[in-house]
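> Let's see this in three dimensions:
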Amino acid sequence: MRKAQISMEFTIVLVLLILILVGVTGGTRMRKAHMQFVTDQLAAKRIADRVSNTVSRLVVLGDGANESYYIPSQLDGRTNYTLQIHNESHLLGVSWGGQLYTSTLVTARFNASNISTGRKVVFENIGGVISFG
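Numbers count the residues shown, from 1 in each chain. As a prediction, the model looks like this:
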């Protein structure tokens, strides 16, 4: 009878330890997913704000002003995204995984609505129209 009781107590303790381990692991995964979301959100903000600031500078500097820089292909090197100009609302949108970050643009005059990622992009003010390519 004593051996059966020790075996039962050992099994209960083992099950409790496994449940605790599963709970800790699950909580860690949730925190990791949240940190990835926050990291992606900050990267999207950084990209959108940089493009928006560039457009503002080019509008102020006038015809012939240009600036170029590399737009990364992924947010923080891990998450694919798209970069799109919404002319009617003067917004630049960065979208990824069902999420959207927008930044305000000072003009709605662009030569296209999608900005390619993963390459160096040249922004230029040509007669008041912001061109990128």
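> Output the longest strand belonging to the chain.
Longest strand in the chain by number of residues, with DSSP state E as the criterion: strand 119-126.
> mind listing what's buried in that strand?
121, 123, 124, 125 (16 or more other CB atoms under 10 Å). No exception for glycine: its C-beta is placed from N, CA and C like everyone else's.
> Over to stretch 68-82?
When burial is assessed from 16+ other CB under 10 Å, stretch 68-82 yields the following buried residues: 71, 75, 79, 81.
> how about the helices of this protein, start to end?
For the chain, the helices defined by DSSP state H cover 2-61.
> Verify the stated contact: residue 71 with residue 114.
No - using CB atoms under 8 Å, residue 71 makes no contact with residue 114, being 11.6 Å away.
> what residues do those two have in common as contacts?
Common neighbours of residue 71 and residue 114 are listed as residue 83 (criterion: CB atoms under 8 Å, 6 or more residues apart in numbering).
> what bits of this protein have low per-residue confidence?
The chain contains residues with pLDDT under 70 at 1-6, 24, 26-28.
> Tell me the gap between stretch 98-107 and the middle of its chain.
With CA atoms, centre = their mean, to the nearest Å as the basis, stretch 98-107 stands 12 Å off its chain's centre.
> Give me the contacts around it.
Here stretch 98-107 makes contact (CB under 8 Å, 6+ apart) with 37, 40-41, 44-45, 48-49, 51-52, 55-56, 59, 85-86, 90-95, 128, 130.
> Restricting to C-alpha, output that stretch in CSV.
C-alpha atoms of stretch 98-107 as CSV (Å, rounded to 0.1, in the frame of the first residue of the first chain):
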residue,chain,number,x,y,z
GLY,A,98,-3.6,42.6,-41.4
GLN,A,99,-2.2,45.7,-39.6
LEU,A,100,-1.9,49.2,-41.0
TYR,A,101,0.1,52.2,-40.0
THR,A,102,-0.6,55.5,-41.7
SER,A,103,1.4,58.8,-41.9
THR,A,104,0.1,62.1,-43.3
LEU,A,105,1.3,63.5,-46.6
VAL,A,106,1.4,67.2,-47.4
THR,A,107,0.4,66.7,-51.0
